[in-house]
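**Q** Pasting the sequence and the predicted coordinates here, then a few questions.
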Amino acid sequence: MAKPAAKIKPKNTECNYIDGQWVTPLSGEYLENYNPADARESLGRFPASGAEDVNRAVAAAKEAFKTWRKVPAPRRAEILFKAGEILLRRKDEFAESMTREMGKVLKETSGDVQEAIDMTYFIAGEGRRLHGFTTKAELPNKYAMCVREPIGVCGLITPWNFPMAIPSWKILPALICGNTVVIKPAEDTPHSTYNFVEALIEAGVPAGVVNIVSGYGETAGAALTNHPDVRLISFTGSTDTGRIVATSAAQNEKICSLEMGGKNVVMIMEDADLELAVEGVLWGAFGTSGQRCTAASRVVVHKKVAKKFTAMLVEGAGKLRLGNGLSNKTDVGPVINAEAMSKILGYIEIGKNEDKAKLMCGGNRATKGDLKYGYFIEPTVFAGVKPYMRIAQEEIFGPVVSVIECNNYDDAIEIANGVKYGLSASIYTRDTNRAFKAMEDVQTGIFYVNASTIGAEVHLPFGGTKSTGNGHREGGTQVLDIFSEWKSIYVDYSGKLQRAQIDNQ
Ligand code: UN1
């Protein structure tokens with residue numbers, strides 16, 4: 001008689017993590033994770049979960065909330081501190097795995113893991129500072145105070161461009177406030193979120209407190225945003241998807257925090273240090289292949305220095321080396337997938353034809369040697385761009401930058417503010433008065449002086465105005481306002497009937 005086939009234990013990454021267990025998806029479906037630098041390389045399969053998987057995870061999170069909410073915040077913080085240590089120990093390994101699935105260079109993926117570590121320590125510290133306040137009550141012998149309360153089950157939907165940092169921005173503050181979470185990582189980069197959650201598990205997060213359901217937005221994501229037991233949705237991604245998320249969240253009164261697109265500007269005044277400015281724009285526009293919501297995608301430059309600046313920028317862009325992010329010779333990695341590549345190339349066509357801007361360098365897919373196996377786009381600079389053009393208005397999310405000339409400071413501000421987004425902006429100038437004035441005049445959530453539009457730090461609020469978001473801020477202590485609700489408490493120690501007291505007023 002033939003022996004029964006040995007049961008092969010599925011890898012953790014082929015499972016969802018629900019109620020403290022790695023479980024295969026009830027949907028029975030999977031998605032394949034590919035290396036964007038070489039699409040021949042599969043990095044394994046992950047669940048393509050359905051509504052029944054999400055239901056299971058939400059039920060576990062709902063149950064775990066009953067006890068987790070009662071764990072004192074300083075105790076919850078101890079787990080986070082431990083997770084920070086684990087992330088630090090495994091930083092190189094996690095950075096390498098992120099470069100494989102996301103494409104950005106090792107320096108940037110190490111930065112991504114570091115941002116998660118920073119967030120871990122920062123938010124763990126908040127475990128001893130979940131301050132409320134007291135105030136005077138209207139009556140004598142009465143005490144009034146206000147405390148933060150956890151919200152319940154939080155549904156988190158995260159993007160692929162910062163596949164560990166952004167999950168950390170959401171999971172950690174949710175946990176410190178006493179909530180439980182179900183996270184659906186981006187389908188292009190689930191592994192980095194799995195790595196992050198593994199660190200939390202090793203640090204001792206109890207079963208059901210953190211759950212991962214991997215899958216697509218249309219199925220797993222939609223099931224999460226529609227689930228009646230999910231009290232809060234926190235989403236980072238495109239403005240179009242954010243609108244869908246917000247609409248379904250509104251249907252059952254969910255708290256909803258959205259972090260969406262950007263069309264960030266670097267303003268270069270006639271007195272700027274051009275070398276500094278060029279370096280800033282190169283890093284801001286082409287770092288992470290331009291796939292940051294904070295990417296510098298517009299440069300507004302004073303007409304007196306425009307020619308010189310553009311020549312320096314084009315020279316710098318031409319020197320950037322495209323390649324696999326694992327090589328220390330690479331400056332710019334691939335874009336995330338074939339669809340993104342064709343969208344970006346589509347915008348380059350719009351820039352050349354419809355907008356009739358001047359293509360100064362780049363403009364093509366790079367296919368030399370092994371690059372043909374990946375999704376590489378040459379760093380692209382357009383000059384002669386007018387503020388109304390589509391390449392100057394729409395988020396391209398790729399290595400494409402538009403140089404727009406301005407006549408003076410007021411002109412620069414008008415162009416800077418003339419887009420629907422409001423995430424990040426910067427000014428290069430040696431005039432401190434002007435720098436301070438710009439701080440006030442620019443309508444964005446983040447502003448830099450003599451630095452690029454990228455590089456936000458975790459202990460300051462992160463988020464944008466206008467169509468970039470819906471008024472919330474991640475990072476800083478302000479993130480606690482997303483993940484907790486205020487409870488006002490009145491203690492009457494007069495021992496008198498309330499009615500009598502009111503009459504005495
Ligand atoms: C994003 O692009 O979605 O400030 C986040 C920065 C990074 C975070 C970017 N710390 O560029």
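**A** Nice, I can see it.
**Q** neighbours of the residue in the stretch 1-150 of the chain positioned nearest to the ligand, just the number please.
**A** Here the residue of the stretch 1-150 of the chain nearest the ligand is residue 115; by CB to the nearest ligand atom that distance is 5.9 Å. In this view, the C-beta of every residue, glycine as well, is placed from N, C-alpha and C. By the criterion of other CB atoms under 10 Å, residue 115 has 20 neighbours.
**Q** Once you drop chain neighbours, what's closest to it?
**A** residue 165 (3.8 Å; CB to CB, 6 or more residues apart in numbering).
**Q** can you check residue 250 too?
**A** For residue 250, ignoring the flanking residues on the chain, the nearest one in space by CB to CB, 6+ apart is residue 256 at 7.3 Å.
**Q** helix, strand or coil for the one you found?
**A** When classified by DSSP: H, G, I helix; E, B strand; the rest coil, residue 256 comes out as strand.
**Q** mind listing what it touches?
**A** For residue 256, the contacting residues are 232, 233, 234, 235, 245, 246, 249, 250, 470, by CB atoms under 8 Å, 6 or more residues apart in numbering.
**Q** list the contacts for the third one?
**A** Same thing as residue 234. 154, 155, 156, 157, 170, 174, 256, 257, 474, 482 are the contacts of residue 234 under CB under 8 Å, 6+ apart.
**Q** Also the second one?
**A** If a contact means CB under 8 Å, 6+ apart, then residue 233 has 154, 155, 156, 157, 224, 225, 245, 249, 254, 255, 256, 257 as its contacts.
**Q** Could you rerun that using 10 Å?
**A** Shown in contact with residue 233 (CB atoms under 10 Å, 6 or more residues apart in numbering): 154-157, 221, 224-227, 245-246, 248-249, 254-258.
**Q** Tell me the pLDDT of it.
**A** Per-residue pLDDT puts residue 233 at 98.
**Q** Just the element for it, please.
**A** Assigned by DSSP states H and E, residue 233 falls within strand 230-236.
**Q** Go through the following helix or strand past that strand and flag the buried ones.
**A** Toward the C-terminus, strand 230-236 is succeeded by helix 239-251 as the next helix or strand (DSSP H and E). Within helix 239-251, the residues scored as buried using 16 or more other CB atoms under 10 Å are 239, 241, 242, 244, 245, 246, 248, 249.
**Q** what's the burial count for the residue of the stretch 201-350 of the chain found nearest the ligand?
**A** Here the residue of the stretch 201-350 of the chain nearest the ligand is residue 292; by CB to the nearest ligand atom that distance is 3.4 Å. Counted with other CB under 10 Å, residues neighbouring residue 292 total 25.
**Q** Repeat that for the one 5 residues further on.
**A** Residue 297 is surrounded by 28 other residues when neighbours are defined as other CB under 10 Å.
**Q** What helices and strands are in contact with the one helix or strand it maps to?
**A** Assigned by DSSP H and E, residue 297 falls within strand 296-302. When contacts are defined as 3 or more CB pairs under 10 Å, 6 or more residues apart in numbering; DSSP states H and E, strand 296-302 packs onto strand 264-268, helix 274-286, helix 306-319, strand 380-383, helix 390-393, strand 400-406, helix 409-417, strand 424-428.
**Q** Let me have these in a markdown table, extended by distance to residue 21.
**A** Conversion of the helices and strands packed on strand 296-302 to a markdown table gives the following (distance: least, CB to CB, whole Å):
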| stretch | distance to residue 21 |
| --- | --- |
| strand 264-268 | 42 |
| helix 274-286 | 42 |
| helix 306-319 | 49 |
| strand 380-383 | 47 |
| helix 390-393 | 48 |
| strand 400-406 | 44 |
| helix 409-417 | 50 |
| strand 424-428 | 41 |
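**Q** Check which residues of stretch 462-475 are buried.
**A** Quick answer for stretch 462-475 (16+ other CB under 10 Å): 462, 463, 464, 465, 466, 467, 468, 469, 472, 473, 474, 475.
**Q** Can you confirm whether it lies near the ligand?
**A** No: Stretch 462-475 is not in contact with the ligand by CB under 6 Å from any ligand atom; minimum separation 7.0 Å.
**Q** Point out the residues in the stretch 201-350 of the chain that sit beside the ligand.
**A** 292, 293, 294.
**Q** Take the residues you listed and lay them out in CSV including secondary structure and pLDDT.
**A** Shown next, in CSV, are those (DSSP: H, G, I helix; E, B strand; the rest coil; pLDDT from 0 to 100):
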residue, secondary structure, pLDDT
292, coil, 98
293, coil, 97
294, coil, 98
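**Q** closest to residue 276 among those residues?
**A** When those are compared for distance to residue 276 (CB to CB), residue 294 wins out at 18.2 Å.
**Q** returning to what we had before: please narrow the buried residues of stretch 462-475 to those residing in helices.
**A** Within the buried residues of stretch 462-475, no residue falls in helices by DSSP state H.
**Q** Return the member of those nearest to the ligand.
**A** Nearest member of the buried residues of stretch 462-475 to the ligand, counting by CB to the nearest ligand atom, is residue 462, at 7.0 Å.
**Q** so the closest one bridges to which residues?
**A** According to DSSP bridges, the partner residues bridging residue 462 are residue 474.
**Q** Tell me who's in contact with it.
**A** Residue 462 sits next to 166, 169, 236, 259, 293-294, 423-424, 445-446, 456, 469, 472-476, 478-479 when contact means CB under 10 Å, 6+ apart.
**Q** Could you check how far it is from residue 424?
**A** Using CB to CB, to the nearest Å, residue 462 is found at 9 Å from residue 424.
**Q** And for residue 187?
**A** From residue 187 across to residue 424, the span is 26 Å (CB to CB).
**Q** Could you double-check that residue 448 sits in contact with residue 429?
**A** No: look at residue 448 against residue 429 with CB atoms under 10 Å: they stay out of range, at 11.7 Å.
**Q** Determine the residues that are contacts of both of these two.
**A** The contact lists of residue 448 and residue 429 share residue 435, where a contact means CB under 10 Å, 6+ apart.
**Q** ok, the residue positioned nearest the centre of the chain - contacts?
**A** Taking CA atoms, centre = their mean, the centroid of the chain lies closest to residue 166, which sits 4.2 Å from it. Counting by CB under 10 Å, 6+ apart, residue 166 makes contact with 112, 115-116, 119, 156-160, 185-186, 192-193, 234, 236-237, 259, 293, 462, 474.
**Q** switch the cut-off to 7 Å
**A** 158, 159, 236 (CB atoms under 7 Å, 6 or more residues apart in numbering).
**Q** is it true that residue 69 touches residue 150?
**A** Yes: Residue 69 is within contact range of residue 150, at 4.8 Å (criterion: CB atoms under 7 Å).
**Q** which residues do the two both contact?
**A** Contact criterion CB under 7 Å, 6+ apart; residues shared by residue 69 and residue 150: residue 178.
**Q** Who has more neighbours out of the two?
**A** Between residue 69 and residue 150, residue 150 has the larger neighbour count (other CB under 10 Å), namely 22 against 16.
**Q** tell me the pLDDT at the more buried one?
**A** Residue 150 is given a pLDDT of 98.
**Q** now do residue 3
**A** The model's pLDDT for residue 3 equals 59.
**Q** Residue 196 versus the residue nearest to the centre of the chain, what's the distance?
**A** Residue 166 is 10 Å from residue 196, by CB to CB.
**Q** hey, which helix or strand in this protein has the poorest pLDDT?
**A** helix 498-504 (a mean of 65; mean pLDDT, DSSP states H and E).
**Q** on that earlier part again, I'd like the contacts of residue 234 laid out as JSON lines, including distance to residue 20.
**A** Converted to JSON lines, the contacts of residue 234 look like this (distance: CB to CB, whole Å):
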{"residue": "154", "distance to residue 20": "18"}
{"residue": "155", "distance to residue 20": "19"}
{"residue": "156", "distance to residue 20": "18"}
{"residue": "157", "distance to residue 20": "22"}
{"residue": "170", "distance to residue 20": "20"}
{"residue": "174", "distance to residue 20": "17"}
{"residue": "256", "distance to residue 20": "28"}
{"residue": "257", "distance to residue 20": "27"}
{"residue": "474", "distance to residue 20": "27"}
{"residue": "482", "distance to residue 20": "26"}
